[in-house]
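Trainee: please work out how this folds:
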Amino acid sequence: MVETNPIKRKPVPRGIAHTGPVILAYGFRPFFLAAGLWAVLAMGLWVGALALGLPIGQGYGGPAWHAHEMLFGYTSAALAGFLLTAIPNWTGRLPVSGVPLAVLFLVWLAGRLALIAPSSLGMGWAIALDMAFLPLLFSICLREVVAGKKWRDLKVLTGVLALACANGGFHALILIDGDTGLASRLAVSAYIMLIGIIGGRVVPSFTRNWLAKRHVINLPAPYDRLDSITLLGGVIALVAWVIWPDHLATSAVCTIAGLLHVARLERWQGWQTSDERLVLVLHLAYAALPIGFFTVALVPFGLIDAASALHVFTVGAIGLMTLAIMSRATRGHTGLPLTAPLLTATSYGFLIAGAVMRPIALFWPNQYLTLVSASGLCWMVAFVLYLVEYAPALLTRRKARPE
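Mentor: Below you'll find the model as predicted:
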């Protein structure tokens, strides 16, 4: 029989390893599970340190350990799970699975274990183990993107490279007893730009698909010059924030960046998605970007402190977007219906509550520690709910093979 369409692309396999442990069938499985677990455990240790004086991080220092493990522990796992799952869709290549995936995951895990008690292992060894993960992730993703000739996706990998540099800078500042604020801002900025780039694809795309199925006429606007200007404005504002966080010029460019992101988000028709929380949450998470820029713009005027402003980005934008993507991707890649059940929606609600509580704690000094701890507990509950609902699917549920 003659093939009538020899150039037709086959669907990318979902979970290449149909034998062996299901947890190693696709990148999202071990990394989303680990991200959820570490989000709970690491935050639990930090809340315990705040409320009970629990010693964490040994010579690394409790606050620095907390910042590092949220930025380079939890979030790097969520990012790895996303990239290892999305890149096969971008390139048409098979996903990383099996032994290579296990090795990459063990490198991430070694960093987490090493930094729990870095002084016991030796600070140098602990740092070396932790620093191995992001360059390895970058190398794997770069190989796949280059092999697939998807050159436009290289800009996503610049975010991973920036994170690797920020992680190295964070460790270096710890070793010289310096201020890790610059490295933290660089890491947060890398994540914010990744949300701007990737969110600019997935939020309008998922929204368009959902609205089209309901025969809605007004669909999200396609990518155009405003999107490019918004991303460029975001880069300029974030560079200024990283280098001159207290300068009035930073306040000005961050305000402009916030307004551009508001204009961009408004074109995605988010208000029409209230009936489906799995889509609506993506808009809410992206909305934390302009709110974060506006909050950062208030810091030079002394209207809010730098830590509270930073947490608008970390909990509101990064935390909520990663939770939203993790829950949606887990459902889609394990064959679950693309809708948010009550447990999933409740997890979003707790994380939003935590994102609100953390910055407003500044304005109630007598209740500051209580509100900060409550914010941390909301974060923990959100990810406990994620694990309760999705750990069984990540560990056991395989998506049916395409016919």
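
Trainee: what residues of the lowest-mean-pLDDT helix or strand in the chain count as buried?
Mentor: The element with the least model confidence among the helices and strands of the chain, by mean pLDDT, DSSP states H and E, is helix 118-121, at a mean of 88. By 16 or more other C-beta atoms under 10 Å, the buried positions in helix 118-121 come out as 118, 121. Where you see a C-beta, it was placed from the backbone N, CA and C, and this is true even at glycine.

Trainee: same deal with stretch 206-222?
Mentor: Under 16+ other C-beta under 10 Å, the buried positions of stretch 206-222 are 206-208, 210-211, 220.

Trainee: which helices and strands sit right next to the host helix or strand of residue 126?
Mentor: Per DSSP states H and E, residue 126 falls inside helix 123-131. Applying 3 or more C-beta pairs under 8 Å, 6 or more residues apart in numbering; DSSP states H and E, we find helix 123-131 packed against helix 98-116, helix 118-121, helix 154-175.

Trainee: out of the ones you listed, which is closest to residue 311?
Mentor: Nearest of those to residue 311, taken as C-beta to C-beta: helix 154-175 at 17.1 Å.

Trainee: which strands or helices does the helix or strand that the closest one is followed by pack on?
Mentor: Moving toward the C-terminus from helix 154-175, the next helix or strand (DSSP H and E) is helix 181-213. Counting contacts by 3+ C-beta pairs under 8 Å, 6+ apart, helix 181-213 is packed against helix 75-91, helix 154-175, helix 225-243, helix 277-298, helix 306-311, helix 320-334.

Trainee: average pLDDT for the second one?
Mentor: For helix 154-175, the mean per-residue pLDDT is 95.

Trainee: could the helices and strands packed on helix 181-213 be laid out in a markdown table, adding distance to residue 202 and mean neighbour count?
Mentor: As requested, these are exported to a markdown table (distance: least, C-beta to C-beta, whole Å; neighbours: other C-beta atoms under 10 Å):
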| stretch | distance to residue 202 | mean neighbour count |
| --- | --- | --- |
| helix 75-91 | 9 | 24 |
| helix 154-175 | 12 | 19 |
| helix 225-243 | 13 | 18 |
| helix 277-298 | 7 | 23 |
| helix 306-311 | 24 | 20 |
| helix 320-334 | 7 | 24 |
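
Trainee: okay if I get those helices as JSON lines plus distance to residue 50?
Mentor: Listed next are the helices and strands packed on helix 181-213 as JSON lines, based on distance: least, C-beta to C-beta, whole Å:
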{"stretch": "helix 75-91", "distance to residue 50": "20"}
{"stretch": "helix 154-175", "distance to residue 50": "20"}
{"stretch": "helix 225-243", "distance to residue 50": "26"}
{"stretch": "helix 277-298", "distance to residue 50": "22"}
{"stretch": "helix 306-311", "distance to residue 50": "13"}
{"stretch": "helix 320-334", "distance to residue 50": "22"}
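
Trainee: who wins for proximity to residue 343 among these?
Mentor: Among the helices and strands packed on helix 181-213, helix 320-334 comes nearest to residue 343, with 9.7 Å by C-beta to C-beta.

Trainee: what's residue 114 in contact with, if anything?
Mentor: The contact partners of residue 114, taken as C-beta atoms under 8 Å, 6 or more residues apart in numbering, are 121, 125-127, 129-130.

Trainee: let me see the domain layout of the chain.
Mentor: According to automatic domain parsing, the chain comprises the domains 13-178, 182-403.

Trainee: let me know the pLDDT of the residue nearest the centre of the chain.
Mentor: Taking C-alpha atoms, centre = their mean, the centroid of the chain lies closest to residue 322, which sits 4.1 Å from it. Here the pLDDT value assigned to residue 322 is 98.

Trainee: re the thing from before, of the contacts of residue 114, just the buried ones, PyMOL syntax please.
Mentor: Listed next is the PyMOL selection for buried residues among the contacts of residue 114, using 16+ other C-beta under 10 Å:
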select buried, resi 121+126+127+129+130
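
Trainee: export the contacts of residue 114 as TSV, with columns for distance to residue 391.
Mentor: TSV is the format used below for those (distance: C-beta to C-beta, whole Å):
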residue	distance to residue 391
121	29
125	31
126	28
127	31
129	26
130	25
